[in-house]
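Enquirer: I'd like to go over a predicted model; first the sequence, then the structure.
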Amino acid sequence: MNSMRRIEHPEAIRIATDPRRLDILRLLMSEAHTISSLGVLLDQHPAWVRHHVKALEQVGLVALVKTRTTKNYTEKFYRATAVAFTLSMLVRPASVFEPSVVAMVSHDLAVELLSAERDVQGGLAPVVTGSLDGLIGVRQGLADVAGCHLLDVDTGEYNIPYARHLFPDMDVIVVTLAHREQGLIVAPGNPHRLSSLEDITAKGVVMVNRNRGSGTRLWLDRAFRNEGIEPTDVKGHERCVGTHTDAAALVASGKADVAVGIAAAAHRFELDFVPLFRERYDFVMPEEAYARSEVHMLIDRLHSRAFRKEVSRIRGYDPAGMGDEYRLVV
């Protein structure tokens, strides 16, 4: 029996998620049963049980593992084909053009530019989430591509160490989108004279935080630890938003004094910006996704002079290295 299997075929997903069959599957994951013994456990007629067991058997989720004949009667024992199952199914948006590339991405304004080109074949359909959640989503088959900016402090490298860790058994391609600047987003004129993370606690200002799992939040939590700053010492630490622009909007409205985010978000709301660090934002995808024609159309877009020029106009963005590829081979 396999230790774990991923259920991917739509028919198998449909059958496995039926509550009645799911109950049977769970019992058969624990031990082998006959139709009769399952009927006793579930308080159901054997004919009802047989119908659902056969459906599970047809899509390979359970199998006949042994037979036993006693007094001219043959008992058939069934068991699940794995001790655990995972379910994943990617539903793509309808399009009159080429199928969209579904991406789970950390918020990024260059990604917004790509996704706005809905009339381009191979368009991008992004779902904004954290960098780490994006990689996990691709690992689980919920998206084709992840967009991330995760710094590995041991190597000083962005994204590649995380991709190696989460995809140890798969060939993976990492494609650079851009480098971008992050720092303190503050009100015009920087009224609290903030210049560092230490100033956030020293001056008692109110911060708005990013969501857990985002690259910015991971960087910020690590930086606070390195400075000996406890989360409880940061006013507003537990108030989280999902995008850089949401964070900047709260600063612009006066509901927060500071946020850590990209320079472009500060510029969009006519706020001041104190640079802290420069990072690399990449697309990460399995070889299987990379081989798709619509993904190659997107990558070709990264190599176009017109798109690079558009990205260079975004405050704090540097298109140098855009389209560079790193191949991680098992």
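Expert: Received, thanks. Model, not experiment: these values are computed from the prediction.
Enquirer: Show me what the nearest residue to V175 once chain neighbours are set aside bridges to in the sheet.
Expert: Once its chain neighbours are removed from consideration, V175 has its nearest residue in F283; the separation is 4.6 Å (CB to CB, 6 or more residues apart in numbering). Where C-beta positions appear, they are placed from N, C-alpha and C, glycine not excepted. The partner list for F283 in beta bridges (DSSP bridges) reads G147, V175.
Enquirer: from memory F283 sits against V145, does it?
Expert: Yes. With contact defined as CB atoms under 8 Å, F283 reaches V145; the gap is 5.1 Å.
Enquirer: next SSE after the host helix or strand of W219?
Expert: Per DSSP states H and E: W219 is located in helix 215-226. Following helix 215-226 in sequence order, the next helix or strand is strand 240-241 (DSSP H and E).
Enquirer: Who is I262 paired with across the strands?
Expert: Beta-bridge partners, per DSSP bridges, of I262: Q182.
Enquirer: Give me the neighbour count for it.
Expert: For I262, the count of nearby residues is 30 (other CB atoms under 10 Å).
Enquirer: from what I can see it touches S106, true?
Expert: No. Counting by CB under 8 Å, no contact exists between I262 and S106, whose distance comes to 10.4 Å.
Enquirer: Return the list of helices and strands in contact with the helix holding W219.
Expert: Applying 3 or more CB pairs under 8 Å, 6 or more residues apart in numbering; DSSP states H and E, one finds that helix 215-226 contacts helix 131-139, strand 151-152, helix 197-202, strand 207-210, strand 258-262, strand 272-286.
Enquirer: Can you tell me what sits against the fifth one?
Expert: Think strand 258-262. 108-109, 180-186, 192, 194, 200, 205-210, 216, 219-220, 244, 247-248, 250-251, 276, 316 (CB atoms under 8 Å, 6 or more residues apart in numbering).
Enquirer: try 7 Å this time
Expert: Counting by CB atoms under 7 Å, 6 or more residues apart in numbering, strand 258-262 makes contact with 180-182, 184-186, 194, 200, 205, 207-208, 216, 220, 244, 247-248, 250-251, 316, all of which sit outside it.
Enquirer: Kindly report the same for the last one.
Expert: Contacts with strand 272-286, where a contact means CB under 7 Å, 6+ apart, come from 108, 135, 138, 144-149, 151, 158-159, 163, 167, 170, 172-190, 194-195, 263, 266, 295.
Enquirer: Now the phi/psi pair for R79, please.
Expert: According to degrees, to the nearest 10, the main-chain angles of R79 amount to phi -150, psi 150.
Enquirer: what about it, how many neighbours?
Expert: A total of 19 residues lie near R79 under the criterion other CB under 10 Å.
Enquirer: re earlier: show me how to select, in PyMOL, the buried members of the contacts of strand 272-286.
Expert: In PyMOL, selecting the buried portion of those, with burial taken from 16 or more other CB atoms under 10 Å, looks like this:
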select buried, resi 108+135+138+144+145+146+147+148+149+151+158+159+163+167+172+173+174+175+176+177+178+179+180+181+182+183+184+185+186+187+194+263+266+295
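Enquirer: Which positions within stretch 246-266 qualify as buried?
Expert: Neighbour count says stretch 246-266 has 246-252, 256-266 buried, by 16+ other CB under 10 Å.
Enquirer: Can you get me the start-to-end distance on it?
Expert: For stretch 246-266, the first-to-last residue distance is 11 Å (CA to CA, to the nearest Å).
Enquirer: Could you pull out the helices in the chain for me?
Expert: Assigned helices in the chain, in chain order: 10-16, 19-30, 35-42, 46-58, 109-116, 131-139, 160-166, 197-202, 215-226, 244-252, 263-268, 287-290, 293-302, 305-312 (criterion: DSSP state H).
Enquirer: Next, format those as TSV and append mean pLDDT and distance to K76.
Expert: Below are the helices of the chain laid out as TSV (pLDDT from 0 to 100; distance: least, CB to CB, whole Å):
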stretch	mean pLDDT	distance to K76
helix 10-16	83	19
helix 19-30	91	12
helix 35-42	94	7
helix 46-58	94	9
helix 109-116	91	53
helix 131-139	91	37
helix 160-166	95	41
helix 197-202	94	66
helix 215-226	93	52
helix 244-252	96	58
helix 263-268	97	63
helix 287-290	94	38
helix 293-302	91	46
helix 305-312	96	61
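Enquirer: closest one to F77 among the ones you listed?
Expert: Between F77 and those, the shortest separation by CB to CB is 8.8 Å, and it involves helix 35-42.
Enquirer: what packs against that closest one?
Expert: Judged by 3 or more CB pairs under 7 Å, 6 or more residues apart in numbering; DSSP states H and E, the packing partners of helix 35-42 are helix 19-30, helix 46-58.
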